[in-house]
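J.: Below: sequence and its predicted model.
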Amino acid sequence: MNAVTAPNLELRPMMRNDVSRVMEVEPRAYPFSWTEAIFQDCLRVGYSCWVLEDAKTSHLIGYGVMSMAVGECHVLNLTVRPEMQGRGFGRHLLRCFLEVARERHVETVFLEVRPTNAPALELYRTEGFNEVGLRRGYYPAIHGREDALVMARHLK
């Protein structure tokens, strides 16, 4: 894996006009992707929505959505455009999310991940997340449904 050069990256709040760019990536990143309406609803209700861009070119590298309340954070979406995966951008985005959560006095961060998503599982485990549960039939899958591993990390 190549290291990410952080000075070339900018994490900023997602705006409504970013959703069209997000929707150019989302269906390529997931076989059962979020819709434009879901992203618009997340913005409307005040979820913590972010985009990661190349600071020089404004090229969209990744994005994500978190909900935060009462000392807890739930990472709902964390995506890096497929052609840029495996280069440390997901790790950078996750670490930025954890910093945002710390700034908002979050104590515990939760997320779900497909058991078949080995790269994501490795990322979360190496970033201090532990498996805390299982949601049966959580994700749509080609042949029915797939379980989700629930992972958590306590922030210091």
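T.: Structure received.
J.: which SS state does Gln40 fall under?
T.: helix (DSSP: H, G, I helix; E, B strand; the rest coil).
J.: Buried ones in stretch 148-156, by neighbour count?
T.: By neighbour count on 16 or more other CB atoms under 10 Å, the buried set for stretch 148-156 is 148-153. From N, CA and C alone the C-beta is placed, and that goes for glycine too.
J.: Cross those residues against strands and list the overlap.
T.: Using DSSP state E, 148-153 are the members of the buried residues of stretch 148-156 that sit in strands.
J.: can you pull the pLDDT of the residue nearest the centre of the chain?
T.: With the centre of the chain defined as its mean C-alpha position, the nearest residue by CA atoms, centre = their mean is Leu78, 1.3 Å away. As predicted, Leu78 sits at a pLDDT of 97.
J.: top helix in the protein by residue count?
T.: Assignment by DSSP state H gives helix 89-103 as the longest helix of the chain.
J.: Please export the C-alpha coordinates of that helix as CSV.
T.: What follows is helix 89-103, C-alpha atoms only, in CSV (Å, rounded to 0.1, in the frame of the first residue of the first chain):
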residue,chain,number,x,y,z
PHE,A,89,-7.3,7.0,1.4
GLY,A,90,-9.9,4.9,3.3
ARG,A,91,-7.6,4.9,6.3
HIS,A,92,-7.1,8.6,6.0
LEU,A,93,-10.8,9.2,5.7
LEU,A,94,-11.6,6.9,8.7
ARG,A,95,-9.0,8.7,10.9
CYS,A,96,-10.5,12.1,9.9
PHE,A,97,-13.9,10.7,10.9
LEU,A,98,-12.5,9.6,14.3
GLU,A,99,-11.0,13.1,14.8
VAL,A,100,-14.4,14.7,14.0
ALA,A,101,-16.0,12.3,16.5
ARG,A,102,-13.5,13.2,19.2
GLU,A,103,-14.0,16.9,18.7
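J.: which residues are contacting that helix?
T.: 4, 6, 9, 11, 48, 50, 52, 61-62, 64, 66, 68, 73, 75, 78, 80, 109, 119-120, 123-124, 127, 153, 155 (CB atoms under 8 Å, 6 or more residues apart in numbering).
J.: Many thanks, I have nothing further to ask.
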